[in-house]
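A.B. asks: whatever this is, show me its structure:
(one chain, ligands or ions: 1)
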Amino acid sequence: ENGSAAAIPIDPRFDIAYVTPVTIGTPPQTLYLDFDTGSSDLWVFSSHTPESQVRGQRIYSPEKSSTAKLLAGHTWSILYGDGSGSLGNVYTDNFTVGGVTVTSQAVQTAQQVSYSFTSQSEIHGLVGLGFSTLNTVFPNGQLTFFDNAKSTLDSPVFTADLKWKKEGTYDFGFIDETKYTGEITYLPVQTDPGYWTFTSSGYAVGDGAFHPASIVGIADTGTSLTYLPAEVVTSYWGQVDGAVDSDYYGGYVFPCSSKLPSFTFGVGPANITIPASYINYAQITEGSPVCFGGLQSSSWLGVNIWGDVALKAAFVVFNGANPPTIGWAKK
Ligand SMILES: NCc1ccc(-c2ccco2)nc1
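C.D. replies: So this is what the prediction gives:
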């Protein structure tokens, strides 16, 4: 059975993250989760999360679900690239998103969450859509929702159609031709260690010359911004008057009144252009004349990340066939 679900920006001012409604258990409990191709744990705020760490989030209560089963002796603990993290124990239960149901999905209930999750009331947990090899459950790693659902889908794919300051969609099991223009360019995926890792064929700043390059990076719906090699972002921000790489603000900032160039990245023989508006990410604080860039250096990360700022400029196909591939199309 195929499915389709909304990807809703959690903040109307800037696209910090997107959440998608899911139901867990019997009777169904509805939570809004962050679908994250950059990780592979499905975890939720729960009745096991200390009240001091819950601030408005909806919670999953396994004790109120007749289909919940404790996965005895199993625990999990995860740390994300942004320094946030969570840990807890594991149940299996019915899990449905957009009409696609997996019975006996591993649902990781949080017994601890870091303050950044506590402070983000609109995110009630994450659904990892990376490869199951990255799952942190111990002693036996668990399968992602997509890996469990794959065999029931018409095609072993899901697509991401994220949008700038608007609601987009995740589709499961099919490719909606009305969501993109032209052709989809498919690229090979390196599945080790478990991210959707692909190689971009280069970049251009605004209407400038295209620079052929091999930029190895991950497609990560769970990361807000896009992080690329220093030489790439230096050439981009070098075109913006007043742009500086600020230690104080932790990245490239620029005068909000600046006119930004677009950014184009290569996908095989094709390319995707990120409009300037997507790179004018947000004011440092409400009303500030200083703005934070959506394109930042990956130097300190050790990995290039094509986050939401890039993904929302395209229609992206995550093809879970063997071997997996990733497809990019304009829209
Ligand atoms: N890339 C995974 C991920 C997703 C969300 C978050 C997060 C922190 C605070 C609110 O949300 N952290 C990491």
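A.B. asks: how about the helices in the protein?
C.D. replies: 115-118, 145-149, 230-237, 276-279, 308-311 (DSSP state H).
A.B. asks: low-confidence stretches in the stretch 151-300 of the chain?
C.D. replies: Scanning the stretch 151-300 of the chain for pLDDT under 70 picks out no residues.
A.B. asks: deepest of the helices of the chain, which one?
C.D. replies: Among those, helix 308-311 has the highest mean neighbour count (mean count of other C-beta atoms under 10 Å), at a mean of 27. C-beta coordinates here come from the backbone N, C-alpha and C atoms, glycine included.
A.B. asks: packing partners for that one?
C.D. replies: strand 157-163, strand 226-228, strand 270-274 (3 or more C-beta pairs under 8 Å, 6 or more residues apart in numbering; DSSP states H and E).
A.B. asks: I'd like to know which elements the longest one is packed against.
C.D. replies: If I follow you right, that is strand 157-163. strand 3-9, strand 166-172, helix 308-311, strand 315-319.
A.B. asks: now the second one
C.D. replies: Using 3+ C-beta pairs under 8 Å, 6+ apart as the contact criterion, the neighbours of strand 226-228 among helices and strands are strand 295-297, strand 304-306, helix 308-311.
A.B. asks: nearest to D161, of the ones you listed?
C.D. replies: If you check each of these against D161 by C-beta to C-beta, helix 308-311 wins as the nearest, at 9.2 Å.
A.B. asks: how much space separates the nearest residue to G217 once chain neighbours are set aside from V19?
C.D. replies: Counting by C-beta to C-beta, 6 or more residues apart in numbering, N304 is the residue found nearest to G217 once chain neighbours are left out, at 3.2 Å. As judged by C-beta to C-beta, to the nearest Å, N304 and V19 stand 25 Å apart.
A.B. asks: ditto for P275
C.D. replies: 23 Å.
A.B. asks: now swap in R58 and tell me
C.D. replies: 11 Å.
A.B. asks: show me what from this structure comes close to the ligand.
C.D. replies: For the chain, the residues in contact with the ligand (C-beta under 6 Å from any ligand atom) are 17, 34, 36, 38-39, 80, 82, 84, 116-117, 120, 123, 126, 222-223.
A.B. asks: mark which of those residues are buried, thanks.
C.D. replies: 17, 34, 36, 38-39, 80, 84, 117, 120, 123, 126, 222-223 (16 or more other C-beta atoms under 10 Å).
A.B. asks: out of these, who's nearest V232?
C.D. replies: After measuring these against V232 - C-beta to C-beta - the closest member comes out as T223, at 16.7 Å.
A.B. asks: which one of the helices of the chain lies closest to F158?
C.D. replies: Closest of these to F158 is helix 145-149, at 5.9 Å (criterion: C-beta to C-beta).
A.B. asks: what's that closest one packed up against?
C.D. replies: Counting by 3+ C-beta pairs under 8 Å, 6+ apart, helix 145-149 packs on strand 100-113.
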